[in-house]
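[1] missing the sequence, but the structure's below:
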DNA sequence: TATGATATTAATAAAATGTTAATAAGAGAA
DNA sequence: TTCTCTTATTAACATTTTATTAATATCATA
């Protein structure tokens, strides 16, 4: 067929001639849990936490999944959809959001072919006001990697479960892995893989960006900030090393935090550059 | 509606109740051009190059675009599609391939809503045997960033053109930008944005991965390797600094490269770790 | 045989990072 | 009141990494 203009071409074009598919948007919403159980840093345990939703319908009925939903192809972009879902789940609308990865295993949804574009969002829990029905914060209480298998244990207080993912180094690469489920009885779809991707993205980016401050309130002590770093990186940092890392990112305020049972700490604030 | 099993639910489920969309897969295929015009390093000009295809139908008839195509939802994953397209364009089937980003502006394709999942592929041009009709390697002869606008000039020898993209720092981020077209008369769809994303991905990853070796032949001199680094990073590197970077990544062979009009260089080989 | 060009490495300087340890200061117990 | 616990904060030093300069090597060509 030979057309002489775009208009002519379009008038003859029927999108339904081609097979199409559905897309969803799933969001890994991270925050840091603030367990006020103890005043002392060594015994308090800040943790990264992720928001999960209980499915109330098939498929994967009664299992946990990431907040998500189908996108409306004619009216919204993927990011629009991500914002809509974030607003629905957290009632927050102006927060850190970043495209993560597009997951598209052919059988990842038993209903039909569904391609999922996943996003990561970071929020400061203190900004949350409402509690959402069926949604629950799960603390990431352990991440263990052994023989190329990552086991992640999460808990929301009532329920604790572990899922395991095998990482296989991709050909021609030293940094990219294919993920496959080893054990997952609690998370719907391939959301185990999505969560691991999200964790790795944040772990990686904390080293060369300022994303961490999206999970902090306006004022924080350096001890608190250090705990968040340690929680995300999964390892202890030495104080002077840590202070050098964040020296240019924060600024002193004249506020102090007292009443903690030890020398008061100065409150700092994020300084954009 | 209340279902008692997945089977019951699925039997009642009609995918056509929901609006769906088409997906394409577009690939930024990078290689390094090997201009043998001069023996001398200072005058020879290695460059990064990208494979473009001339469109022979509407929309964007007669403009250049990235190799790509619609995915078949019932039979192939996005990566399957990427491999199929790579095979079609280069006749190569076992090369470095990495998901880049999913582009989904609502009006990016005038025909209908099309979401594009883009990939980056890296190849060693020496492996190419066939010449593909309508496809052409464009050297990236200049990348210039000024006042947040990136201008990229490419040339395939016959045709030279420049396209410009505005980078806007995203809220809450120090490293992520929204891209928007400032000037683009030669590239179809939003492929100007895709190419820039690809360049930035490779620039970034060359610092902490071994991807560069996917663009090299089996044997190379350190001078050649250094030129590729310099071309990708867009800046000169000092010899000893460069040698430290790659010291653990390469191994000596007993081969030398002579006939260059100067002291012969030792040939090295990539050493996987 | 002298010259031009890049290859290769040695030596040194500077900066970044890691480590240890000293001092500070409020809360609470003796 | 004074001592002890705990974390905060910073100083000092050691080590490693990176940057810079410069010296020497070696082939091709005029």
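    Right, received. Where do you want to start? Remember, predicted model here, so these are calculated numbers, not experimental data.

[2] going forward, measure contacts between C-alpha atoms and count neighbours the same way
    OK.

[3] How about stretch A:190-197 and chain B, touching?
    No. Counting by CA under 8 Å from any CA of the partner chain, no contacts exist between stretch A:190-197 and chain B, the nearest distance being 13.3 Å.

[4] What are the phi and psi values at the residue of the stretch 51-200 of chain A found nearest DNA strand C?
    Nearest residue of the stretch 51-200 of chain A to DNA strand C: residue A:200, at 19.7 Å (CA to the nearest atom of the strand). For residue A:200, the backbone dihedrals (degrees, to the nearest 10) come out as phi -70, psi -40.

[5] how close does it sit to DNA strand D?
    The spacing between residue A:200 and DNA strand D, counted by CA to the nearest atom of the strand, to the nearest Å, is 22 Å.

[6] Can you give me the neighbour number for that residue?
    13 (other CA atoms under 10 Å in any protein chain shown).

[7] How confident is the prediction for it, by pLDDT?
    As summarised for this prediction, residue A:200 has a pLDDT of 96.

[8] Look up how far residue A:14 lies from it.
    When CA to CA, to the nearest Å is applied, the distance between residue A:200 and residue A:14 equals 42 Å.

[9] got it, and residue A:129?
    When CA to CA is the yardstick, residue A:129 and residue A:14 sit 47 Å from each other.

[10] before we move on, what about residue A:233?
    Distance of residue A:233 to residue A:14, given as CA to CA: 51 Å.

[11] what does residue A:66 give?
    Taking CA to CA, one finds residue A:66 at 35 Å from residue A:14.

[12] neighbour-wise, which of these two wins?
    For residue A:66 versus residue A:14, the count of surrounding residues by other CA under 10 Å is larger for residue A:66: 26 against 10.

[13] Does that one touch residue A:30 like I think?
    No. The pair formed by residue A:66 and residue A:30 falls short of the contact definition of CA atoms under 8 Å, at 11.0 Å.

[14] what residues are shared contacts of these two?
    Listed contacts common to residue A:66 and residue A:30 are residue A:51; contacts here mean CA atoms under 8 Å, 6 or more residues apart in numbering or on different chains.

[15] count of residues packed around residue A:104?
    Residue A:104: 20 surrounding residues under other CA under 10 Å.

[16] Over to the one 3 residues further on?
    With neighbours defined by other CA under 10 Å, the count for residue A:107 comes to 13.

[17] Likewise for the one 5 residues further on?
    For residue A:112, the neighbour count with other CA under 10 Å is 17.

[18] which stretch of helix or strand covers it?
    Secondary structure from DSSP states H and E places residue A:112 outside every helix and strand.

[19] Equivalent analysis for the one 3 residues further on, please.
    With elements delineated by DSSP H and E, residue A:115 resides in strand A:114-122, which encompasses its position.

[20] Show me which parts of the helix or strand following that strand are buried, residue by residue.
    Next helix or strand after strand A:114-122 toward the C-terminus (DSSP H and E): strand A:135-146. Taking 16 or more other CA atoms under 10 Å in any protein chain shown as the basis for neighbour counts, the residues of strand A:135-146 that come out buried are A:135-141, A:143.

[21] same for strand A:135-146, what does it pack against?
    Identification of packing neighbours for strand A:135-146 by 3 or more CA pairs under 8 Å, 6 or more residues apart in numbering or on different chains; DSSP states H and E yields strand A:47-54, strand A:149-155.

[22] And the ones you listed: which comes nearest DNA strand D?
    The minimum distance between DNA strand D and those falls on strand A:47-54, with 16.0 Å, by CA to the nearest atom of the strand.

[23] quick check: mean pLDDT across that closest one?
    Taken as a whole, strand A:47-54 has an average pLDDT of 94.

[24] Can you tell me the strand partners of that strand and which way each runs?
    In the sheet containing strand A:47-54, the strands it pairs with under DSSP bridges are strand A:22-33 (antiparallel), strand A:64-65 (antiparallel), strand A:135-146 (antiparallel).

[25] Name the residues that touch the second one?
    Yep, that's strand A:64-65 we're talking about. Contacts made with strand A:64-65 from outside it, assessed by CA under 8 Å, 6+ apart, are listed as A:52-55, A:186-189, A:191.

[26] List just the nearest of these to residue A:178.
    In terms of CA to CA, no member of those lies closer to residue A:178 than residue A:191, at 14.3 Å.

[27] Quick one: name the residues of the stretch 101-250 of chain A near DNA strand C.
    Taking CA under 7 Å from any atom of the strand as the measure of proximity, the stretch 101-250 of chain A contacts DNA strand C at A:238-241, A:244-245.

[28] tell me which strands and helices the host helix or strand of residue A:167 is in contact with?
    With elements delineated by DSSP H and E, residue A:167 resides in strand A:160-169, which encompasses its position. Using 3+ CA pairs under 8 Å, 6+ apart as the contact test, the elements touching strand A:160-169 are strand A:149-155, strand A:177-183, helix A:191-205.

[29] Please tell me how far the helix or strand that comes right after the longest one is from the chain's geometric centre.
    So the one you mean is helix A:191-205. Next along the chain after helix A:191-205, taking DSSP H and E as the criterion, comes strand A:220-221. In terms of CA atoms, centre = their mean, to the nearest Å, the centre of strand A:220-221 is found 23 Å from the chain centre.

[30] partner strands of strand A:220-221, parallel or antiparallel?
    The partner list of strand A:220-221 in its sheet, established with DSSP bridges, is strand A:265-270 (antiparallel).

[31] Show me what the mean pLDDT comes to for the strand it pairs with.
    Averaged across strand A:265-270, the pLDDT comes to 92.

[32] Repeat that for stretch A:169-180.
    pLDDT averaged over stretch A:169-180 equals 94, rounded to a whole number.

[33] How about stretch A:231-248?
    Mean predicted confidence for stretch A:231-248 is 90.

[34] List the buried residues in it.
    A:231-234, A:242-243.

[35] Could you do stretch A:260-273 as well?
    By neighbour count with 16+ other CA under 10 Å, stretch A:260-273 contains the buried residues A:265-270.

[36] Pick out whichever of those residues sits closest to residue A:88.
    The closest of the buried residues of stretch A:260-273, once distances to residue A:88 are taken by CA to CA, is residue A:270, at 28.2 Å.

[37] ok, that closest one touching residue A:251?
    Yes. The pair formed by residue A:270 and residue A:251 meets the contact definition of CA under 8 Å, at 6.3 Å.

[38] got the domain boundaries for chain A?
    Here the domain assignment for chain A is A:22-205, A:216-270, based on automatic domain parsing.
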